[in-house]
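K.L.:
Need coordinates for the following:
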Amino acid sequence: QMAVALAAPCNWVRCSPTRRTINRGRVYVRALEDVEDDDVLWLTSGTSQLPPLVEATMRLQSTGSTSLRVVKPPGVDELWEWYEKVGYDDSDPSWGRVWKTASDLSALVLAGALPGCCLRGKRIVEVGCGLGFVGLAAAMTQGSRVIFCDREPLAIHCALSSAQLNGLEVHSVEDISMSSQGVAGALLDWASPLDTLAQSADVVLGADCLYDPATAAMLAKTCKHVLGEDGVVIICEPELERAKGTYSKFLEAAKMLGAASAEILPHPLDSDEPRSILLRVSW
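P.N.:
Numbers count the residues shown, from 1 in each chain. You can find the predicted model right below:
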């Protein structure tokens, strides 16, 4: 089964204060910035089912004061080492950090500056959510209902755990439609979108999703599948494509699916290199 609804995160999120002494020398969270040792709580050094995980404070904007607590692997390297150790050699550890595009998109969410799109009270699906940084920003600052979607269940587990840490209500996918706020999570493979997510969102958000021309049309189809009428898609990507032609394939596929507009826009708040751009599609 390519996608399933996930329940609330387990009770491992909060650990005894004595766990702060575990592997203190390795407490360096490789995300957008260093995190001080005193700000990091080790949750687990790794088990047969869970990779090494920490709880740390991260800013929603690199120059802002708004922050949130995030459950995440201490780094992509540590996550890859764990995958190898437990025999998951085909797994992708890239979800284990917050990338610049996710930070850039969350900055727009926080500022209410998404082009032609208001998130206040809207139903949002974050595709390829990873740690759910963008969706967390939307749920915490815009009162949005968010469904975190990724093909990696551990990524969704971390996103839901972070949501719970920050006081957000965690629901099943079925129940969130009856709630005025909160988050849910669902495994989602772009090759086979989940039927229960059909027509469930007003907005699809994503960051660093378009890196393979072979899956660009699949992502466009998935976005169309989960959106209701007059839906909007905004995906933040590096200005320099990792695989030439991926962005155009995504936009062309969206147009073939009846999109009213499909365009690339500059990021209005990003002045740091490498710059990010926005792919915006509306139906």
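
K.L.:
Run through who's touching the helix or strand harbouring Leu160.
P.N.:
Secondary structure assigned from DSSP states H and E places Leu160 in helix 153-165. Helix 153-165 is contacted from outside by 6, 8-10, 13, 50-51, 53, 55, 68-72, 95, 129-132, 135-136, 139, 148-150, 170, 182-187, using Cβ atoms under 8 Å, 6 or more residues apart in numbering. C-betas here are computed from N, CA, C, even on glycine.

K.L.:
moving C-terminal of it, what's the next helix or strand?
P.N.:
Per DSSP H and E, the first helix or strand lying C-terminal to helix 153-165 is helix 173-176.

K.L.:
Show residues contacting that following helix.
P.N.:
With Cβ under 8 Å, 6+ apart as the test, helix 173-176 has contacts from Ala5, Arg145, Ile147, Gly182, Val183, Ala184, Gly185, Ala186, Thr196, Leu197, Ser200.

K.L.:
Most neighbours among the residues you listed, please name it.
P.N.:
Gly185 (33 neighbours; other Cβ atoms under 10 Å).

K.L.:
Now for that one: which residues touch it?
P.N.:
Ala5, Leu6, Ile147, Phe148, Cys149, Ile156, His157, Ala159, Leu160, Val173.

K.L.:
ok, so of the residues you listed, who is nearest Gly245?
P.N.:
Closest to Gly245 out of the contacts of Gly185 is Cys149 (24.8 Å), distances taken as Cβ to Cβ.

K.L.:
For the residue nearest to the spatial centre of the chain, which non-adjacent residue is closest in space?
P.N.:
Nearest to the mean C-alpha position of the chain, by Cα atoms, centre = their mean, lies Cys129 at 2.4 Å. Nearest residue to Cys129, sequence neighbours excluded (Cβ to Cβ, 6 or more residues apart in numbering): Phe148, at 4.2 Å.

K.L.:
and stretch 85-98, how far apart are its ends?
P.N.:
23 Å (Cα to Cα, to the nearest Å).
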